[in-house]
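Peer 1: Just a sequence and a predicted model for now, questions to come.
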Amino acid sequence: MGLLPETTRRIDLLAAEAQARGRTPSVVLGVVRDGGLAYATGAGDQPAPDPGTQYRIGSITKTMTATLVMRLRDEGRLALDDLLYRHLPGTPVGSVTIRQLMGHASGLQREPDSAGWWERTNGTDIDALLAGLTPEKLAHPPHRTYHYSNLAYGLLGAVLERVAGKPWIELLTEQVLAPLSMLRTTYHPHEPFAPGYVVHPLHGTAHEEPRTDTGAMAPAGQLWSTLTDLARWAAFLAEPVPEVLAPETLAEMCVPVAVEPENWSGGHGLGLELYRRGERVLVGHGGSMPGYVAVVAVHRPSRTGIVGYANAYGFPLGQLAFDALVEVLDREPAPPAPWRPAAPPPPQVAELCGRWWWMGLAHDATWEGGELVITRAGREPWRFTPEGADRWRCHSGSNDGETLLVRRDPAGGAVALDIATFVFTKDAGQLG
């Protein structure tokens, strides 16, 4: 579904103003809705905006590395609470877990030791990366604070290679990029691609940056991609393809592992950054490499996202992207799904529908699409699926994961709903 002309004009203006004010040779921006690229725009002419031009995506690479980790977890080949020792025997930082590494809660220092900044120099292999580790690389006790670590993702890449027995990029291409038709997301750049620059702060000249092969640190930030491909990735983050990752696994990745301690406006899940903008929570990641910045952010409930690139280091792309996404969400909220007449509930369910009371509070039970849905005004509904005779399991809201047991009288009639030991009855005066 496309966007209204008024919305696209506003996004065009935001991009043009940001490109001029932020002094980047080019910026491209795309709006993702309902599984596809709904609108693309940009500003600048070095190169001219084109959804097929490659830019470097930087740390957005981490979201794809994390997806591989979760695939291996789902296959039973590793566990999130495995200590690093299990997969990289002998490493002096092996006391941290896979989960802590993914969520930047391991306390590991931010960068690997190197003769220069790893992003601007060609990298070493895995053996050299591991050989450079010392106990002092643990800068903080695990989970003491949120501490972003590129090194953590280099180590996760090493775990992937040891467990899967093949190079990280080969694994990623086979299991993620190819199934999602992200054929222009590559390890090295392929024409057409945008050169990356640092713009001089005083006289505005542009200095082209090197395009490095980061070696063992590639899982932290090596990849190149296009607006079209990154839109496919945003669509996947909004609604995953089960053949690549189970929807419940992606939902798990969106649960905070650590939050920014200063203001709690953002945090980190399992490989995904979390951003609060007003009453909305967005998921995605920013990215930067010398000469480039990139962003992907998704509002999962509405399946709406924003993707973008600029080819000047330090350009405030994140602010532009969030402003554009909020414009879309505010101006064009996702329409509700159309109501359609439903099939009647089975007899054993029909008697559960109606009003139930707990501690003087009314809760209404309805039958929707094969689920028993219990709602209370102002609260997220509880959605239950059957697990057996008179036994249901909740998978939303404050009772997520809890069980509902139907209590019956001697005649077999349903007289109460026992939800995690809270008893709901038909009698408003009975307080459970």
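Peer 2: Received, thanks.

Peer 1: okay, CA-based contacts and neighbour counts for the rest of this
Peer 2: Noted.

Peer 1: what's in contact with the longest helix seen in the chain?
Peer 2: Counting by DSSP state H, the longest helix found in the chain is helix 5-22. Here helix 5-22 makes contact (C-alpha atoms under 8 Å, 6 or more residues apart in numbering) with 25-29, 39, 41-44, 315-316, 320, 324, 327-328, 331.

Peer 1: So His395 sits against Gly401, correct?
Peer 2: Yes. Counting by C-alpha atoms under 8 Å, His395 touches Gly401, with 5.6 Å between them.

Peer 1: Provide the secondary structure category for Glu252.
Peer 2: helix (DSSP: H, G, I helix; E, B strand; the rest coil).

Peer 1: Leaving out the residues flanking it, which one is nearest to it?
Peer 2: Leu270 (7.6 Å; C-alpha to C-alpha, 6 or more residues apart in numbering).

Peer 1: for the one you found, helix, strand, or coil?
Peer 2: coil.

Peer 1: quick one, what contacts it?
Peer 2: By C-alpha under 8 Å, 6+ apart, Leu270 lies in contact with 66, 99, 102-103, 252-257.

Peer 1: With Asp125 instead?
Peer 2: By C-alpha under 8 Å, 6+ apart, Asp125 lies in contact with 215-216.

Peer 1: Need the residues that contact the helix or strand of the chain with the lowest mean pLDDT.
Peer 2: Least confident helix or strand, the chain: strand 258-259 with a mean of 88, by mean pLDDT, DSSP states H and E. Around strand 258-259, the neighbours that count as contacts under C-alpha under 8 Å, 6+ apart are 103-105, 143, 145-146, 265-269.

Peer 1: picking that back up, from the contacts of Leu270, keep the buried residues only.
Peer 2: Those of these that meet the buried threshold are 66, 99, 102-103, 253-257, by 16 or more other C-alpha atoms under 10 Å.

Peer 1: Let's have the residues you listed in TSV, adding pLDDT and distance to Ala342.
Peer 2: Listed next are the buried ones among the contacts of Leu270 as TSV, based on pLDDT from 0 to 100; distance: C-alpha to C-alpha, whole Å:
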residue	pLDDT	distance to Ala342
Ala66	98	40
Arg99	97	42
Met102	97	43
Gly103	96	42
Met253	98	33
Cys254	97	32
Val255	94	33
Pro256	93	36
Val257	93	39
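
Peer 1: ok, those residues vs Asp390, which is closest?
Peer 2: Nearest to Asp390 among these is Val255, at 30.6 Å by C-alpha to C-alpha.

Peer 1: wait, which of the contacts of Leu270 is closest to Ala206?
Peer 2: Checking the contacts of Leu270 against Ala206 with C-alpha to C-alpha, the nearest one is Ala66 at 34.0 Å.

Peer 1: quick one: the closest one and Thr403, what's the gap?
Peer 2: 31 Å (C-alpha to C-alpha, to the nearest Å).

Peer 1: Over to Gln109?
Peer 2: 42 Å.

Peer 1: Could you do Glu260 as well?
Peer 2: As judged by C-alpha to C-alpha, Glu260 and Thr403 stand 33 Å apart.

Peer 1: And Gly107, by the same measure?
Peer 2: Taken as C-alpha to C-alpha, the span from Gly107 to Thr403 is 37 Å.

Peer 1: Show me how this structure divides into domains.
Peer 2: As assigned by automatic domain parsing, the chain contains the domains 5-331, 347-425.

Peer 1: deepest of these, which one?
Peer 2: Neighbour counts (mean count of other C-alpha atoms under 10 Å) averaged over each of those peak at domain 5-331, with a mean of 20.

Peer 1: Now do it: distance from first to last residue.
Peer 2: End-to-end distance (C-alpha to C-alpha), domain 5-331: 11 Å.

Peer 1: ok, back up a step: restricted to helices, list the contacts of helix 5-22.
Peer 2: Judged by DSSP H, helices contain the following of the contacts of helix 5-22: 320, 324, 327-328, 331.
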